[in-house]
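Novice: Build me a model:
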Amino acid sequence: MTGMLEGHRALVTGAASGIGRAIAAAFVAQGAVVTIADRDPSTPDAADDLGAARGLVFNAASEVDVNRVMKQVVSDAGGLDILVCSHGILTQSHTTDMSAVMWRQTIDIDLTSVFLLNRAALQPMLTQGRGRIINIASQLGIKGGISLAHYAAAKAGVIALTKSIALETAPRGVLANVIAPGPIETPMVDAIDNDWKRNKRAELPLGRFGTPEEIAPTAVLLASEPGGNLFVGQVLGPNSGDVMP
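Specialist: Got it, this is the predicted structure:
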């Protein structure tokens, strides 16, 4: 049976683990030619494990690195049909105690890097007249979060950035959307303190955090045709009921 993404050329960042890895695996299973990129030195090994075409190590917050990776992907694959930005960091501090260094690091990695990657991907996508951009944000970008103001602000920025890109590019065949998960069982969330996680689980109507494999089908939907054809600047929320727009 032909997969829903057969032959589509995809770049998935943050794919050495967590949500990015699950999305990359789902894309491969649906027939896509997938490149994964991550700061983790083991990324090439992860690519082999996933059956991805290649695994590239890069710093998503570096404009030079982003442009290098995009140039290599487009050259190797002959173009780019799907970009998924799933990389990021998650640190914790109350706003009154937060250093400017922590703030800037989070904004650089969780927001500015998404701008750099989206901008770089738009050139080949607009040239070919089609493409899908899927940026991973967070429900905290909608509702905020105690001790996570920097992270919530960055993710709110990702949502606004994606909506703006969608307005600019949908008439030219490139559809940009956001997935804003709730808490997911990933190494990144593992680093948050246990009190925060216990309190958050108690707030969720579903009563539990999600898994990366429960997020991946939403990315497949947005990347596919005709399933994703009418999603433009939307925020899809697999979040265990934490946000109900």
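
Novice: what bits of this protein have low per-residue confidence?
Specialist: 1 (pLDDT under 70).

Novice: In space, what's closest to the most centrally placed residue in the chain - neighbours in sequence excluded?
Specialist: The centroid of the chain falls nearest to residue 86 when counting by Cα atoms, centre = their mean (2.5 Å). Closest residue in space to residue 86, ignoring its immediate chain neighbours: residue 20 at 3.4 Å, by Cβ to Cβ, 6 or more residues apart in numbering. C-beta coordinates here come from the backbone N, C-alpha and C atoms, glycine included.

Novice: tell me the SS of that neighbour?
Specialist: With DSSP: H, G, I helix; E, B strand; the rest coil as the basis, residue 20 sits in helix.

Novice: Also residue 127?
Specialist: Look at residue 127: counting by three-state DSSP, its state is helix.

Novice: Distance check, the residue nearest to residue 86 against residue 225.
Specialist: 22 Å (Cβ to Cβ, to the nearest Å).

Novice: What of residue 13?
Specialist: For residue 13, the distance to residue 225 equals 23 Å [Cβ to Cβ].

Novice: quick one: which of the two has more around it?
Specialist: Taking neighbours as other Cβ atoms under 10 Å, residue 13 and residue 225 compare with residue 13 leading, 28 against 11.

Novice: Quick one: residues contacting that one.
Specialist: Listed by Cβ atoms under 8 Å, 6 or more residues apart in numbering, the contact set of residue 13 reads 20, 36-38, 60, 84-87, 117.

Novice: what about 6 Å?
Specialist: 37, 60, 85-87 (Cβ atoms under 6 Å, 6 or more residues apart in numbering).

Novice: again with residue 159
Specialist: So residue 159 contacts 137, 141, 178, 235 (Cβ under 6 Å, 6+ apart).

Novice: What strand or helix carries it?
Specialist: Taking DSSP states H and E as the criterion, residue 159 maps to helix 149-169.

Novice: All the helices of the protein, residue numbers only.
Specialist: Per DSSP state H, the chain carries helices over the ranges 18-29, 43-50, 63-77, 100-107, 113-128, 140-143, 149-169, 187-190, 194-203, 212-223.

Novice: Compute the inter-axis angle for the last one and helix 18-29.
Specialist: Taking axes from the mean of the first three to the mean of the last three Cα atoms, to 10 degrees, helix 212-223 and helix 18-29 form an angle of 60 degrees between their directions.

Novice: Quick one: list the elements packing against helix 212-223.
Specialist: Contact here means 3 or more Cβ pairs under 6 Å, 6 or more residues apart in numbering; DSSP states H and E; on that basis helix 212-223 packs against helix 18-29, strand 131-136.

Novice: Which residues does that helix contact?
Specialist: For helix 212-223, contacts defined as Cβ under 6 Å, 6+ apart pick out 5, 18-19, 22-23, 26, 30, 82, 132, 134, 177, 179, 181, 227-228, 231, 236, 238.

Novice: Can I get the buried part of those residues as one PyMOL selection?
Specialist: Burial among the contacts of helix 212-223 is assessed by 16 or more other Cβ atoms under 10 Å; the matching PyMOL selection reads:
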select buried, resi 5+18+19+22+23+26+30+82+132+134+177+179+181+228+231+236+238
